[in-house]
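Peer 1: Sequence and predicted structure are below.
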Amino acid sequence: MIWNKEIETLTRKEMESLQLERLKNIVRYCYEKVPFYRKRFDSIGLKPEHIVTLADIDKIPFTTKDDLRDNYPFDLFAVPQKEIVRLHASSGTTGKPIVVGYTRNDMEMWTESMARLVTAAGATDDDVAQICFGYGMFTGGFGLHYGLERIGATVIPASSGNSERQLMYMQDFGATIIVGTPSYALYLAEIAKEQGVHKSQLKLRLGLFGGEGHTPEMRKEIEERWGILATENYGLSEIVGPGVSGECVEQCGMHINEDHFYPEIIDKENLKPLGYGKEGELVLTTLTKEGIPMLRYRTKDITELDPEICKCGRTTVRMKKVKGRTDDMLIIRGVNVFPSQIESVLVGMKNIGPHYQIIVTKEGYMDKIEVQVELGEDISLDKYSELERTEAAIRHNLRSVLQIDAKVKLVEHKTLERTTGKAKRVIDMRNK
Ligand code: DLL
């Protein structure tokens, strides 16, 4: 089934003409409503009327996470707070998160976008969907929730964590769909095995996974362990949250809701637009968003676009699996972590020096993060109780900034490797 057949099967020409009309509108809207955009446009002599064709989008400067940070919390909003009905937030590059706001129309657009994607993945009103994404400032829980509810599925808003309870709901409520990060799906499979819960006792048939990538091998493992079809979806808070794109049952790339999110691929080095079939950084423009419209937002995610009509009948452009990022953002159990956030916690804390290293590993299916911090020059490891307090304070501060637990290890002064060039702060051993 196709949720919105009219839109999802438009010819390329029809889609482009809709996109152009919406692009012109949103550019004018941004120019008129957001001083940040007006200033940017004025500084290069760009006027909304200079956008005549879709290719003219190239004239518009990019927007980045730093712009959101510099305009924290609300300066990129295009409407007064009265019209905002929801806030969400995601990791910024330092201590403060980036904040996004939705109007009532934005909520409707988000819900519609998600309804299309979950339908494409095969969800129906007969399904019972257990959502194991966090409900909170993270967009994952609410995004999937509204979309699944819209199509009439029975939603179990289980939220993240408490794996034994998750298994109980799954069994007792007859969940047919599991929604969450792929790493959590595998972790939960381990717990199920430990608890003697076999897939034959469950009704699961479909998985809707996103928030982080997963390899084809991991997908196969998830499918086998749970006896489901595992589909992937993609999104980011700055654009809407989940709802940007998602796979259909053919599992051959993620259909982009291009009538709302205009995709471009740019060269990682010279930032020039690349055509279809070329790998580069995904740049997205929100064509209809009112609360916090984004013009040419650099996602830093690397992928490529495919305009071929899909076997499922949808004509929307598909994006391939995200291959990686152009910045140093780590995704730990679905949570975005920037090394600079960790640094912002360590700076100014007592007893420690400026050197630290972040080590990311996988234990079973779980990402683990350890922060090794060198002690200050005059601090010795014998001051046991004081160091314990320091370690606990770092752990506590990291938890409050990153929203996840990190292991903290204090090491003696001068034990971490020094480099003459750029410091190697992150050792990611997950795919080794
Ligand atoms: O992760 C939104 C989301 C929630 C998408 C649930 C899908 C399902 P943020 O927390 O802002 O939003 O993180 C966005 O996560 O730029 C990617 O780097 C990464 N990401 C999200 N989905 C995928 C995916 C949500 N399917 C950042 N594959 C993005 C790879 C993904 N990376």
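Peer 2: Received the coordinates, thanks.

Peer 1: Surely residue 312 touches residue 249?
Peer 2: Yes - taking contacts as CB atoms under 8 Å, residue 312 lies within contact range of residue 249: 6.7 Å. C-beta: built from backbone N, CA, C; applies to glycine.

Peer 1: quick one: common contacting residues for those two?
Peer 2: residue 120 (CB atoms under 8 Å, 6 or more residues apart in numbering).

Peer 1: Near the ligand, which residues of the stretch 151-300 of the chain? Just list them.
Peer 2: 210-213, 232-237, 241-242, 299 (CB under 6 Å from any ligand atom).

Peer 1: For whichever residue of the chain sits closest to the ligand, name its beta-bridge partners.
Peer 2: Residue nearest to the ligand within the chain: residue 210 (2.8 Å; CB to the nearest ligand atom). Beta-bridge pairing for residue 210 (DSSP bridges): residue 233.

Peer 1: Wait, it touches residue 230, no?
Peer 2: No - using CB under 8 Å, residue 210 is not in contact with residue 230, being 10.8 Å away.

Peer 1: Give the helix, strand or coil label for residue 374.
Peer 2: When classified by DSSP: H, G, I helix; E, B strand; the rest coil, residue 374 comes out as strand.

Peer 1: show me what contacts it?
Peer 2: Counted by CB under 8 Å, 6+ apart, residue 374 has contacts 352-356, 410-416.

Peer 1: Just put these in a markdown table and tack on distance to the ligand.
Peer 2: Shown next, in a markdown table, are the contacts of residue 374 (distance: CB to the nearest ligand atom, whole Å):
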| residue | distance to the ligand |
| --- | --- |
| 352 | 29 |
| 353 | 32 |
| 354 | 28 |
| 355 | 28 |
| 356 | 23 |
| 410 | 30 |
| 411 | 30 |
| 412 | 36 |
| 413 | 36 |
| 414 | 35 |
| 415 | 33 |
| 416 | 28 |
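
Peer 1: Among those residues, the buried ones, what's the PyMOL command?
Peer 2: Buried residues within the contacts of residue 374, by 16 or more other CB atoms under 10 Å, are selected in PyMOL with:
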select buried, resi 352+353+355+356+410+413+416
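
Peer 1: So which of residue 312 and residue 249 has more stuff around it?
Peer 2: residue 312 (18 against 13; other CB atoms under 10 Å).

Peer 1: Could you give the number of residues near residue 205?
Peer 2: Applying other CB under 10 Å, we find 16 residues neighbouring residue 205.

Peer 1: Spatially nearest residue to residue 290, not counting backbone neighbours?
Peer 2: Among residues not flanking residue 290 along the chain, residue 103 sits closest, at 4.3 Å (CB to CB, 6 or more residues apart in numbering).

Peer 1: Tell me how far residue 43 lies from residue 273.
Peer 2: In this view, residue 43 and residue 273 are 21 Å apart by CB to CB, to the nearest Å.

Peer 1: which of the two has more neighbours?
Peer 2: residue 273 (15 against 9).

Peer 1: quick one: pLDDT of the more buried one?
Peer 2: Predicted confidence (pLDDT) for residue 273: 97.

Peer 1: And the helices in the stretch 1-150 of the chain, which stretches?
Peer 2: 5-8, 12-33, 35-43, 65-70, 104-120, 139-150 (DSSP state H, counting those that start in this stretch).

Peer 1: Please identify the deepest-packed of the ones you listed.
Peer 2: Comparing the helices of the stretch 1-150 of the chain by mean neighbour count (mean count of other CB atoms under 10 Å), helix 139-150 ranks first with a mean of 25.

Peer 1: got the CA coordinates for that one in PDB?
Peer 2: These are the backbone C-alpha positions of helix 139-150, laid out as PDB (Å, rounded to 0.1, in the frame of the first residue of the first chain):
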ATOM      1  CA  THR A 139      12.900  12.900  18.100                       C
ATOM      2  CA  GLY A 140      12.800   9.100  17.600                       C
ATOM      3  CA  GLY A 141      10.100   8.100  20.000                       C
ATOM      4  CA  PHE A 142       7.500  10.800  19.200                       C
ATOM      5  CA  GLY A 143       8.200  10.800  15.500                       C
ATOM      6  CA  LEU A 144       7.500   7.100  15.000                       C
ATOM      7  CA  HIS A 145       4.700   7.300  17.500                       C
ATOM      8  CA  TYR A 146       2.600   9.800  15.600                       C
ATOM      9  CA  GLY A 147       3.200   8.200  12.200                       C
ATOM     10  CA  LEU A 148       2.200   4.700  13.400                       C
ATOM     11  CA  GLU A 149      -0.800   6.100  15.300                       C
ATOM     12  CA  ARG A 150      -1.900   8.000  12.100                       C
END
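
Peer 1: which residues sit against that helix?
Peer 2: With CB under 8 Å, 6+ apart, helix 139-150 has contacts from 86, 88, 90, 107, 110-118, 123, 127, 129, 131, 133-135, 155, 157, 159-160, 177, 179-181, 208, 210-211, 235, 237, 240-243, 334.

Peer 1: picking up where we left off before, check the gap between the residue of the chain closest to the ligand and residue 195 for me.
Peer 2: 26 Å.
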